[in-house]
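[1] I would like the atomic coordinates for the input below:
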Amino acid sequence: MLEMIGRIFTINKISEKSCQVVIKKTIMGKIRPISFNLFGVAKFKFDKQKFNKNEKVVIKYLPQSSLYKGKWYTELCLMEISIWVKKPKYDPYTNSYQHQPKNEIPKDENEFDEEDNIGGNYIVDEESGEILL
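    This next block holds a predicted model:
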């Protein structure tokens, strides 16, 4: 099974037995939508959970190809989806997990403030550096 971390963009209900989950993922510096088909037991488990738009999730999926009228088509079948949780870093010297303090860079007086909104209105994900719209 393959794994991907991204943010939920939309959830499209196709029928009672299937739906489509679209996530946005930063690939080569651009935000790109990736759709996953969801059906069967995975759809039943998905319906029990509540996901919000822009929520960071971990998706486990399998690619599946099929032949239709002489052409091959590939779809990504979602097997599991869960909310992403930040894991603390493991320190092999103390044999324990530690939460790393944020490295704060001293602010230069010539830089603009975030309150000024000079640099644009966007939020940056601390873990991946992804720009959220």
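
[2] Can you tell me what sits against stretch 31-49?
    When contacts are defined by CB atoms under 8 Å, 6 or more residues apart in numbering, stretch 31-49 is touched by residues 4, 6, 9, 17-26, 59, 61, 75-81, 130-131, 133. All C-beta atoms are positioned from the backbone trio N, CA, C, and that covers glycine.

[3] switch the cut-off to 7 Å
    6, 9, 17-25, 59, 61, 75-81 (CB atoms under 7 Å, 6 or more residues apart in numbering).

[4] average pLDDT across that stretch?
    Summarised as a single mean, pLDDT over stretch 31-49 is 88.

[5] Ends of that stretch, what's the gap?
    Terminal residues of stretch 31-49 lie 25 Å apart, using CA to CA, to the nearest Å.

[6] Tell me the buried residues in it?
    For stretch 31-49, burial by neighbour count (16 or more other CB atoms under 10 Å) applies to 34, 36, 37, 38, 39, 42, 43, 46.

[7] what helix or strand does the last one sit in?
    For residue 46, the enclosing helix or strand under DSSP states H and E is helix 41-48.
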